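Trainee: What shape does this take:
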Amino acid sequence: MAQPRRVIVIGGGIGGLAAAAALHLRGSQVTVLERSRSLAPVGAAISLAPNALRALDVLGIGDEIRDLAAWSGDGGLRTPRGRWLSRSSAAAAAERFGGPLVLLHRATLVNSLAALLPPGTVRTAAETALVDPGDAHRPARVRTPDGELEADLVVAADGIHSAVRRALFPDHPGAAYSGFTTWRLVIPLPGTQFASHETWGRGRIWGTHPLKDGRVYAYAAALAPAGERAPDERAELVRRYGDWHDPIPAVLAAARPEDVLRHDVHHIAEPLPAFHRGRVALLGDAAHAMPPTLGQGGNQAIEDAVVLAHHHTDLAAYSAARLPRTTAIARQAVRIGRLNLTANRGLMVVRDTAIAALSLAGPALFLRGFDGIADWRPPLPPYASVVSGAGKR
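Mentor: All right, here's what the predicted structure looks like:
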């Protein structure tokens, strides 16, 4: 395949923008087609592990993101009554993985990625369909509201329910319901001091984490039938979590119904045979949607972006580099979800006892779960960012 000069990225989320920036830095002429009217993401935060930060170093914004984000990792795992099962340290995480785990609002990351692109690169309100994936002898073609476009490479970053994935692999079953639903909110919470935590209950979890700008990011997950909704999702959270330990009641008291986002969780249970076909490459959730239980969905999309840019003339090499890794991480995320969302009381007792014992014996379970994930390094050196040790706190 000739070196792609015309690249179309379908989807203007984190993975799509990261891919567009990486390919732009490699000299390609990139167009991003986003079906929404703006790039503004949902009101939620994203956790970035050292693997994703090193990928952002390749794009030249790793240090910028480290400076904008809060270090994550000081805190640990608790029971609904507040007992600590496991404690973790941000400094220990940085030492173990060669850099920090950080937390920031998704909009901050999207803005930094979009700023890497030339003006006019991103087109919003651009519903796009794949017409022809192309091959070694002809370009790929997509249909947009303004007509058809040809490209040497099409990057499909169109999400969990990717239409491009269905077109490339019509026999694949697609994304499956993971068995649980999630709530997320970002709110100001002045005057409340707390340590970051994730709390595991019976078929339910809750997490609360401070952001660098003074706001609080909170999330919850619970076993639930697919499609179930409450008339007032804030009231539903109060019903499910209102009697849990501080600061959860304070977060719920400060939240408004409109602050709460709810989404069912889907994942690709059956791995795709490849992440490409013809001149089209799948990226992020379109390729390997996974439960958020490891916090690696967006991180893996950013990894995809820099690896795709590295292998942009050999999509088979891109598939070979990414499919085994993301499949293993997705399966680990499913296993963690089954562990932390179990509704079996006996299994909960065994789980909590084992976590407490393991934490006394060595590094927190939280950190060990990232071994082989957070220590990943990109296949090419940074373009601009100079990483100084563990970054700035």
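
Trainee: and the gap between the closest residue to Arg123 other than its chain neighbours and Glu150?
Mentor: In space, and not counting its chain neighbours, Arg123 is closest to Leu33: 5.5 Å by CB to CB, 6 or more residues apart in numbering. Yep, even glycine has a C-beta here, placed from its N, CA and C like the rest. According to CB to CB, to the nearest Å, Leu33 stands 13 Å off from Glu150.

Trainee: Who has more neighbours out of the two?
Mentor: Between Leu33 and Glu150, counting by other CB atoms under 10 Å, Leu33 is the more crowded of the two (24 against 16).

Trainee: Surely the more buried one is in contact with Thr121?
Mentor: No. The pair Leu33 and Thr121 does not pass the contact test of CB atoms under 8 Å, sitting 10.2 Å apart.

Trainee: Doesn't Trp47 lie inside a helix?
Mentor: Rather than Trp, residue 47 is Ser. No. Ser47 sits outside any helix when classified using DSSP: H, G, I helix; E, B strand; the rest coil, being strand.

Trainee: which regions of this structure lie under the pLDDT threshold?
Mentor: Within the chain, the segments meeting pLDDT under 70 span 1-4, 362-366, 381-393.

Trainee: got the buried residues for the longest helix out of those in it?
Mentor: Identified as the longest helix of the chain according to DSSP state H is helix 315-340. Of all the residues in helix 315-340, those buried under the rule 16 or more other CB atoms under 10 Å are 315, 317-319, 321-323, 325-327, 329-330, 332-334, 336-337, 339-340.

Trainee: Kindly report the same for stretch 236-251.
Mentor: So stretch 236-251, judged by 16+ other CB under 10 Å, has buried residues 236-238, 240-241, 244-245, 247-248, 251.

Trainee: how many neighbours does Ala91 have?
Mentor: By other CB under 10 Å, 13 other residues sit near Ala91.

Trainee: Where does it sit: helix, strand or coil?
Mentor: The three-state assignment at Ala91 reads helix, by three-state DSSP.

Trainee: list the contacts for it?
Mentor: Ala91 makes contacts with Gly73, as judged by CB atoms under 8 Å, 6 or more residues apart in numbering.

Trainee: how much space between it and Gly298?
Mentor: Distance check for Ala91 against Gly298: by CB to CB, it reads 24 Å.

Trainee: ditto for Gly346
Mentor: Going from Gly346 to Gly298 by CB to CB gives 35 Å.

Trainee: Quick one: distance of stretch 290-306 to the chain centre.
Mentor: On the basis of CA atoms, centre = their mean, to the nearest Å, stretch 290-306 sits 4 Å off its chain's mean C-alpha point.
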